[in-house]
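Q: model this:
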Amino acid sequence: MQKYMPFENVPRLIAPTLNPECVSAISASMLKRDRIIKENQKQISAVLTAIGSGLESILKNGDKIEIIRNINDASKLLCDYFQSETNNRKILITNAVNHNLKETLKGDSDMFLFGTNLAERIKNAKIIQRSGKDLKEKQERLKGPTKTLNWRGPPQLSTRMGGKRITKPKNKQQQQ
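A: From the prediction side, this is the model:
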């Protein structure tokens, strides 16, 4: 991969670095997964650079329209895959952060996955959230009864199971 470093005029082929704010917000397993995806992106970048170098040499040496068209199509497909991997990394990280800040993470990648001004966007989003809470009218809760009507609990079940209750007569007169 060292032989095919990305062209300087195509900075989007450099895999974006994860923003420091996100590194502290995600688990170690997610961080490891993000690093693996970033390495895949570096490999794709090397492939695209190699294809670009091949195209450049073909253009210098002669007119090979069909070869150029095929290599160009392959490059477009790899570029699309590279962008989808960047989007996958964003989704992976976005699912692990505070849901109130997910909208803040949307935006274009540059040298950082969520853009260079992420810290500023997070600060602004928090200020807006605080302002919204201040504007929102507080609702008073209606106080209900402090004890439920059933506060002693349900009645105790009979320990005896089954049908009729048999009573014994209390005196001899009732037996007749």
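Q: so how far is Leu13 from Leu48?
A: For Leu48, the distance to Leu13 (C-beta to C-beta, to the nearest Å) stands at 6 Å. Using the backbone N, CA and C atoms, a C-beta is placed for each residue, glycine as well.
Q: overlap in contacts of those two?
A: 6, 82 (C-beta atoms under 8 Å, 6 or more residues apart in numbering).
Q: what's the closest non-adjacent residue to Val97?
A: Closest residue to Val97 in three dimensions, ignoring its sequence neighbours and counting by C-beta to C-beta, 6 or more residues apart in numbering: Ala25, at 5.1 Å.
Q: count the residues that sit near the one you found.
A: Residues lying near Ala25 (other C-beta atoms under 10 Å) number 14.
Q: helices of this structure, residue ranges please.
A: Listed in chain order, the helices of the chain (DSSP state H) span 20-23, 28-61, 65-94, 102-105, 118-135.
Q: out of the ones you listed, which is closest to Met5?
A: Checking the helices of the chain against Met5 by C-beta to C-beta gives helix 28-61 as the closest, at 6.7 Å.
Q: gap between stretch 41-56 and the chain center?
A: Its chain's average C-alpha position is 30 Å from that of stretch 41-56, according to C-alpha atoms, centre = their mean, to the nearest Å.
Q: how about stretch 10-30?
A: On C-alpha atoms, centre = their mean, the centre of stretch 10-30 falls 13 Å from that of its chain.
Q: avg pLDDT for that stretch?
A: Mean per-residue pLDDT for stretch 10-30: 82.
Q: how long is it end to end?
A: Using C-alpha to C-alpha, to the nearest Å, the end-to-end distance of stretch 10-30 comes to 28 Å.
Q: over to stretch 100-116?
A: This stretch, stretch 100-116, spans 20 Å end to end (C-alpha to C-alpha).
Q: now Asp108. Nearest residue, chain neighbours left out?
A: Spatial nearest neighbour of Asp108, excluding adjacent residues (C-beta to C-beta, 6+ apart): Gly115 at 6.2 Å.
Q: is it correct that the one you found is in contact with Ser109?
A: Yes - the pair Gly115 / Ser109 is scored as a contact, 6.6 Å apart, by C-beta atoms under 8 Å.
Q: what's the burial count for Pro20?
A: By other C-beta under 10 Å, the residues close to Pro20 number 11.
Q: how many residues are close by the residue nearest to Leu48 when sequence neighbours are not counted?
A: In this structure, Leu48 finds its nearest non-sequential neighbour in Leu78, 5.2 Å apart by C-beta to C-beta, 6+ apart. The tally of other residues near Leu78 (other C-beta under 10 Å) stands at 16.
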